[in-house]
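Undergrad: one predicted model, sequence on top.
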Amino acid sequence: MNSSLYPHFGVLLVDDEPAWLRSLRLTLERSAGITNIVTCQDSRAVMELLERHEIGLVLLDLTMPHLSGDQLIELIAERHPEIAVIVISGMNQIESAVNCIKQGAFDYFVKTVEEDRLVSGVLRAIRMLELERQNREMSSRMLSGELKCPAAFGGIITADRAMHAIFSYIEAVALSTEPLLIMGESGVGKELIAKAAHTLSGCRGQLVSVNVAGLDDAVFADTLFGHTRGAFTGADQPRRGMVEEAAEGTLFLDEIGDLSIASQVKLLRLLQEGEYFPLGSDRPKRLKARVVVATHQNLSLKQETGSFRRDLYYRLCTHMVHVPPLRERKGDLPLLLDHFLEDAARSLSKKKPTPPRELLQLLATYGFPGNIRELKALVYNAVSVHRDRVLSMETFLKTVLRPEAKQNPSTPPQSEKNLFAGQERLPTFGEAAELLVGEAMLRANGNQTIAARLLGISQPALSKRLKLRGIVPE
């Protein structure tokens, strides 16, 4: 498949008037960016063309010699029900339009209709066909559980089932022209998901990343759309915007939740109209890139409070994934630790150190508010000061056992959550201590050294308490 063609399936134009065919083709190419077009002047050749080409949409006239449009609609509906048909007729008759829709046509337009309405109808049909294909692919992926292109996710270290479900979803929607919204906390690897989506799209253009956090409306517009010479004071030379830089590729907008309302309006117009105006220009340019956006914020909540436009939110969430935080995929800790140890040792020209056995148990007790990015920083810091054969745990202990780290980021602070609220009887100090010891041992997976550090007491003191409970023999 030629990745520069849009859409990925062919659009067949059928009319016995060559002048009209040329005009329609130019309109679709110029106004909608549709380049995967096949034309046919003889209606008798249509069914053979459908057999030989991967056609998804047919635009045809009703009044043609040999086979009429009505006959073609019936044949296509019978032999190729997956293909959508749009009728573009010279007759403005309601009865004719109703009959075509009853026969299975997706839409009906009169040749004299406004160009914008016709283009919008064709794009609407293309989006419907793409969503149908994506639904089929997602169903197939979920049933088989296999990835067609696992290499595209080679930069993401994971064995987590939820992550692999995300991979299957990204594969299924990779060819879509609709936006992709990637949500997740900072440091979970949203940009890696965007890179995988770009790779799977097969686009020949590049992936262009823009962090939009902190950009005011004017800078946002200039960054994305560029400007002409003389557009504003200091604009001595024209400048290509990031949308144009990403042509035939992917435009990745990070931290989309930080956009101002004015910038949100500009982004919505870009996505809805598929065109934009460089600053200082009155000639629109077509959007020729797939748009992928990411945020660590809750856009659903922001649109409810009015700080994020509802129409933009629903435009963005056609395709949406949520990347889980590291604390929800701790089964990946051994893989990530080994990967970062090797990566850090190589970049620092050192021999890969051996991690102590209790290191993974210690890391498993930590909530990782900075997620994978934080784990990588911890490992690199530890390897940078490493001297002996076995890696020191000091760097990790300082982070994991600092007071603020004992509060899991997924739970509210104790000032907002009273553990004993609503209980008639308060536990005694002894009973509370028993509960704390039990929870610490559970989190430390039975490791007394780590449990003692979590409790802020010495290991002998913990051992004594365990002996009193009868857990450790005298």
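TA: Thanks, I have the structure now.

Undergrad: what about the strands in the stretch 1-150 of the chain?
TA: Counting by DSSP state E, counting those that start in this stretch, one finds strands in the stretch 1-150 of the chain at the ranges 10-14, 37-40, 55-60, 84-89, 107-110.

Undergrad: what's the answer for the stretch 301-450 of the chain, then?
TA: Using DSSP E, counting those that start in this stretch, strands in the stretch 301-450 of the chain cover 319-322.

Undergrad: just give me the residue right at the centre of the chain.
TA: What sits nearest the mean C-alpha location of the chain, by Cα atoms, centre = their mean, is Ile182, with 3.6 Å.

Undergrad: mind listing the residues bridging to the residue lying closest to Leu279 once chain neighbours are set aside?
TA: Among residues not flanking Leu279 along the chain, His227 sits closest, at 3.8 Å (Cβ to Cβ, 6 or more residues apart in numbering). From N, CA and C alone the C-beta is placed, and that goes for glycine too. As for beta bridges, His227 partners with Arg239, Leu279 under DSSP bridges.

Undergrad: quick revisit: a markdown table for the strands of the stretch 1-150 of the chain, including mean pLDDT?
TA: Shown next, in a markdown table, are these (pLDDT from 0 to 100):
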| stretch | mean pLDDT |
| --- | --- |
| strand 10-14 | 96 |
| strand 37-40 | 96 |
| strand 55-60 | 96 |
| strand 84-89 | 94 |
| strand 107-110 | 92 |
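
Undergrad: can I get those strands in TSV including distance to Val400?
TA: Shown next, in TSV, are those (distance: least, Cβ to Cβ, whole Å):
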stretch	distance to Val400
strand 10-14	57
strand 37-40	60
strand 55-60	54
strand 84-89	57
strand 107-110	60
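
Undergrad: ok, Leu59 touching Leu24?
TA: Yes: counting by Cβ atoms under 8 Å, Leu24 is a contact partner of Leu59 at 7.0 Å.

Undergrad: who has more neighbours out of these two?
TA: Leu59 (26 against 22; other Cβ atoms under 10 Å).

Undergrad: how distant is stretch 336-348 from the center of its chain?
TA: Relative to its chain's centre, stretch 336-348 lies at 27 Å (Cα atoms, centre = their mean, to the nearest Å).

Undergrad: can you give the domain ranges for the protein?
TA: 10-134, 145-324, 325-417, 425-474 (automatic domain parsing).

Undergrad: one step back: and the residue nearest to the centre of the chain, what's its pLDDT?
TA: According to the prediction, Ile182 has pLDDT 98.

Undergrad: phi first, then psi, for it.
TA: phi -110, psi 120 (degrees, to the nearest 10).

Undergrad: run through the bridge partners of it.
TA: Ala294, Val321.

Undergrad: and the longest helix anywhere in the chain, what other elements does it pack with?
TA: Counting by DSSP state H, the longest helix found in the chain is helix 115-144. In terms of contacts (3 or more Cβ pairs under 8 Å, 6 or more residues apart in numbering; DSSP states H and E), helix 115-144 is packed against helix 18-32, strand 55-60, strand 84-89, strand 107-110, helix 161-173.

Undergrad: and the average pLDDT for that helix is what?
TA: Rounded mean pLDDT across helix 115-144 is 84.

Undergrad: quick one: that helix to strand 55-60, angle?
TA: Calculated by axes from the mean of the first three to the mean of the last three Cα atoms, to 10 degrees, helix 115-144 forms an angle of 150 degrees with strand 55-60.

Undergrad: can you list the weak-confidence ranges in this structure?
TA: Applying pLDDT under 70 to the chain flags residues 1-4, 142, 145, 403-422, 470-474.

Undergrad: ok, Phe308 - contacts?
TA: Phe308 sits next to Gly257, Leu259, Gln264, Leu299, Lys302 when contact means Cβ atoms under 8 Å, 6 or more residues apart in numbering.

Undergrad: and for Thr449, the neighbour number?
TA: When neighbours are counted by other Cβ under 10 Å, Thr449 comes out with 15.

Undergrad: just checking, it touches Ile457?
TA: No: taking contacts as Cβ under 8 Å, Thr449 lies outside contact range of Ile457: 11.4 Å.

Undergrad: how about stretch 308-322: buried residues?
TA: Phe308, Arg309, Leu312, Tyr313, Arg315, Leu316, Cys317, Thr318, His319, Val321 (16 or more other Cβ atoms under 10 Å).

Undergrad: kindly reformat those as TSV containing distance to Val113.
TA: As requested, the buried residues of stretch 308-322 are arranged in TSV below (distance: Cβ to Cβ, whole Å):
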residue	distance to Val113
Phe308	35
Arg309	30
Leu312	29
Tyr313	32
Arg315	25
Leu316	30
Cys317	31
Thr318	27
His319	31
Val321	38
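
Undergrad: now for the residues you listed: which two are most distant?
TA: Greatest spacing in those, by Cβ to Cβ: Arg309 and Val321 (21.1 Å).

Undergrad: just to revisit the earlier point, which one of the buried residues of stretch 308-322 is nearest Ser120?
TA: Closest approach to Ser120 among the buried residues of stretch 308-322 (Cβ to Cβ): Arg315, at 15.0 Å.

Undergrad: contact partners for the closest residue to Thr449 other than its chain neighbours?
TA: Of all residues not flanking Thr449 in the chain, Gln459 sits nearest, at 5.4 Å (Cβ to Cβ, 6+ apart). Contacts for Gln459 (Cβ under 8 Å, 6+ apart) come out as Gln448, Thr449, Ala452.

Undergrad: let's go with 10 Å and repeat that
TA: Asn447, Gln448, Thr449, Ile450, Ala451, Ala452, Arg453 (Cβ atoms under 10 Å, 6 or more residues apart in numbering).

Undergrad: now, of the residues you listed, which are buried?
TA: Asn447, Gln448, Ile450, Ala451, Ala452, Arg453.

Undergrad: what's near enough to touch the last one?
TA: Right, Arg453. Counted by Cβ under 10 Å, 6+ apart, Arg453 has contacts Glu358, Leu362, Thr365, Met393, Leu397, Val400, Leu401, Ala440, Ala444, Asn447, Gln459, Leu462.

Undergrad: format the helices and strands packed on helix 115-144 as CSV; extra columns: distance to Val219.
TA: Formatted as CSV, the helices and strands packed on helix 115-144 follow (distance: least, Cβ to Cβ, whole Å):
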stretch, distance to Val219
helix 18-32, 30
strand 55-60, 40
strand 84-89, 41
strand 107-110, 41
helix 161-173, 30
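
Undergrad: most tightly surrounded among the ones you listed?
TA: strand 55-60 (a mean of 24; mean count of other Cβ atoms under 10 Å).

Undergrad: partner strands of that one, parallel or antiparallel?
TA: Sheet pairing here is set by DSSP bridges, and for strand 55-60 it gives strand 10-14 (parallel), strand 84-89 (parallel).

Undergrad: quick check: phi and psi at Asp42.
TA: phi -110, psi 110.

Undergrad: thanks again, I'm all set now.
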